[in-house]
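Colleague: got a sequence here, can you build the structure:
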Amino acid sequence: MTTFLVEIRQLTAADAVMFKAIRLLAIENAPTAIWPTRVEEEARSVSAVAKRIQSTATQAVFGAFARDTLVGIAGVRRDSLSQVSHKAIIWGVFVAPNQRGKGIARDLLNTAMAHASKNWDSAQCNLCVNTENTAAKQLYESLGFAAFGIEPRAMQVDGRFYDEQHMFLKLR
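Modeller: All right, here's what the predicted structure looks like:
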């Protein structure tokens, strides 16, 4: 019997090519969940992507690896301004379709939230989700996230508008 093992770790500049590839897969698979278009994401150079995923005092990006393949991602960032630095924002959560149902997104989210709490002393995490993405909303709710508002027409894809639900979770 084969055991499915996934390693979750912080991404580095060396992971830029894989990160770009999984972002393109995310856009192809869920264009209403990812902000850049395929053309915009393809236009980013590998060096720009490397800089984007580099850990800083205000950002970290995590990846889930099955063997040596990046199969899931989640980012977390915060503002450095003191009056809003207590909030961390989860962004870019995606798991490859052939890897779903294994708890990878949950593990990525828990890792990102733990990072925000431990490294930045964040008091809460916020995120946005397409109101039509029922599976993602259910996952976030199962982790304790609560809705606090809807932004109408937050995104436009192929001439159609989509609303986004804003959610938050108290970490302490």
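
Colleague: so which elements touch the helix or strand bottoming out on mean pLDDT in the chain?
Modeller: Ranking every helix and strand in the chain by mean pLDDT, DSSP states H and E puts helix 38-43 at the bottom, with a mean of 93. Contacts defined by 3 or more C-beta pairs under 8 Å, 6 or more residues apart in numbering; DSSP states H and E place helix 38-43 against helix 16-29. Any C-beta I mention is one placed from the backbone N, CA and C, and that applies to glycine too.

Colleague: what comes into contact with the least confident helix or strand of the chain?
Modeller: When contacts are defined by C-beta atoms under 8 Å, 6 or more residues apart in numbering, helix 38-43 is touched by residues 20, 23-24, 27-28, 31, 34.

Colleague: pLDDT below threshold where in this protein?
Modeller: For the chain, the stretches with pLDDT under 70 are 1-4.

Colleague: quick one: the strands in it?
Modeller: Per DSSP state E, the chain carries strands over the ranges 7-10, 59-66, 69-78, 87-95, 124-130, 146-157, 160-170.

Colleague: ok, the last one: who's next to it in the sheet?
Modeller: So that's strand 160-170. Using DSSP bridges, strand 160-170 pairs in its sheet with strand 124-130 (antiparallel), strand 146-157 (antiparallel).

Colleague: using PDB, list the CA coordinates for the shortest one.
Modeller: Written as PDB, here are the backbone C-alpha positions of strand 124-130 (Å, rounded to 0.1, in the frame of the first residue of the first chain):
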ATOM      1  CA  GLN A 124      -6.800  37.700  12.900                       C
ATOM      2  CA  CYS A 125      -6.700  36.400   9.300                       C
ATOM      3  CA  ASN A 126      -8.900  37.800   6.500                       C
ATOM      4  CA  LEU A 127      -9.600  36.400   3.100                       C
ATOM      5  CA  CYS A 128     -11.900  36.800   0.100                       C
ATOM      6  CA  VAL A 129     -13.700  34.100  -1.800                       C
ATOM      7  CA  ASN A 130     -15.900  34.000  -4.900                       C
END
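
Colleague: give me the distance from it to the chain's centre.
Modeller: 10 Å (C-alpha atoms, centre = their mean, to the nearest Å).
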